[in-house]
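A.B. asks: what follows is a predicted structure for the sequence shown.
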Amino acid sequence: MRRNSRIAGFSIRFLTPRILKSLVLLPSVFLLILIVFFSKKKTILYRPNQRNLSSLLKLKDVLVIGGGLKDMRWAYSNGFSFMPFYSLYSLSNFGFNFVWKITFYFIKPKRILVWTDFGLDQYIAINVARKLKITSWCIQHGLFPSDNNKDLDGLDADVNVVSSTYQRNILEKAGFHGKVVIFDKLFISEANGIIPVQHMQWIESGKPIVFVGTGYTHDNNLELKVLILLEQLKHSFGDDFKIIYRPHPRDGEIKAQINKLGIEIATGLDSSFENPKNYVFLGIKSTFLVEAQSAGRLVILLTGSGFPKYFENGEIKNEFDCQNIKKIPDLINNSC
């Protein structure tokens, strides 16, 4: 499936802020001239996602086109070349597609890997690569929702790397007919894998249960449903457990409403599965739930009550309908 409407939809939602960023970054274009002319690599990693880079360490003859010191340090520490992405980003946003033709001409890659094809620069890169018979790969950076409008990441790529057969099935149902590679460690914590739980720390901390935010900022009705659900959970759990809300990056005004419910909001390590005192995680939708489950945490998926279906059956081991939340404490107590 090739989405010719992507650019039109993209410009409505994202183009203006990207153009403003590009104006600021435009002086960096000279870096493209300095670097690209002496780079010949088999593989380009474009704007890599830090979360699952370890899966790429077996690649050889690689050019990382990324941003920031973290990408640069990672590239050099693994013997990869590095080039800032700002030039390509800026010129792509101004519609100068030829910059990708020039880049591919001098680098002569066999493949390019991206982590999304929703950005205009990634979208252009993939489509120019196709015309030049360069294979494009899209590495899944977040789970595909079970309920979707068939406009998913990776539909324009030649190859997709996904985390499970569930995710492959969702992608193929959305119309993807290319090659799909399953890498089941895609969302497992690189540094830790299974992280030991300190149950005594969990108990002494008030038995926190982390509710993972949904980011339903686009739908006031769904945000209201989340608030109602949180209130029901707090009432059902009473003083036996302490609910902590881990906000989604898109969450805005809902956080003030959650505070009014008397529910603590915590970010970073305080609400992460990498914190040994956090054991139980609840949620409706989020890749974070799969990561927590892979790290050995007790993860509970809440369904029903008009929430869109995000996971396929079986992706999250423990699943409760929102009408049966009174049964959740029994599961938690029996798991400790």
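C.D. replies: Nice, thanks for sending it over. Residues are numbered from 1 along each chain as shown.

A.B. asks: ok, and the closest non-adjacent residue to residue 217?
C.D. replies: residue 250 (4.8 Å; C-beta to C-beta, 6 or more residues apart in numbering). The way it works is simple: take the backbone N, C-alpha and C, and place the C-beta from them, glycine included.

A.B. asks: which SSE is the one you found in?
C.D. replies: Under the criterion DSSP states H and E, no helix or strand holds residue 250.

A.B. asks: which pLDDT value goes with it?
C.D. replies: Per-residue pLDDT puts residue 250 at 89.

A.B. asks: same deal with residue 280?
C.D. replies: pLDDT at residue 280 comes out at 95.

A.B. asks: look at it and say how many residues are nearby.
C.D. replies: Using other C-beta atoms under 10 Å, residue 280 has 25 neighbouring residues.

A.B. asks: my read: it touches residue 212, true?
C.D. replies: No - proximity of residue 280 to residue 212 does not meet the contact threshold set by C-beta atoms under 8 Å, at 11.0 Å.

A.B. asks: quick one, strands of this protein?
C.D. replies: 43-46, 62-66, 81-84, 111-114, 135-139, 159-162, 179-182, 208-212, 242-246, 264-265, 280-283, 298-303, 318-321 (DSSP state E).

A.B. asks: got TSV for those, with distance to residue 272 too?
C.D. replies: Listed next are the strands of the chain as TSV, based on distance: least, C-beta to C-beta, whole Å:
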stretch	distance to residue 272
strand 43-46	26
strand 62-66	24
strand 81-84	29
strand 111-114	27
strand 135-139	22
strand 159-162	24
strand 179-182	26
strand 208-212	8
strand 242-246	8
strand 264-265	14
strand 280-283	10
strand 298-303	13
strand 318-321	19
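
A.B. asks: could you list the low-pLDDT ranges of the stretch 151-300 of the chain?
C.D. replies: 189-197 (pLDDT under 70).

A.B. asks: please repeat the previous calculation with a cut-off of 80.
C.D. replies: Residues of the stretch 151-300 of the chain meeting the criterion pLDDT under 80: 185, 187-199.

A.B. asks: how about the stretch 1-150 of the chain?
C.D. replies: Counting by pLDDT under 80, the stretch 1-150 of the chain has low-confidence residues at 1-40, 50-58, 87, 90, 93-95.
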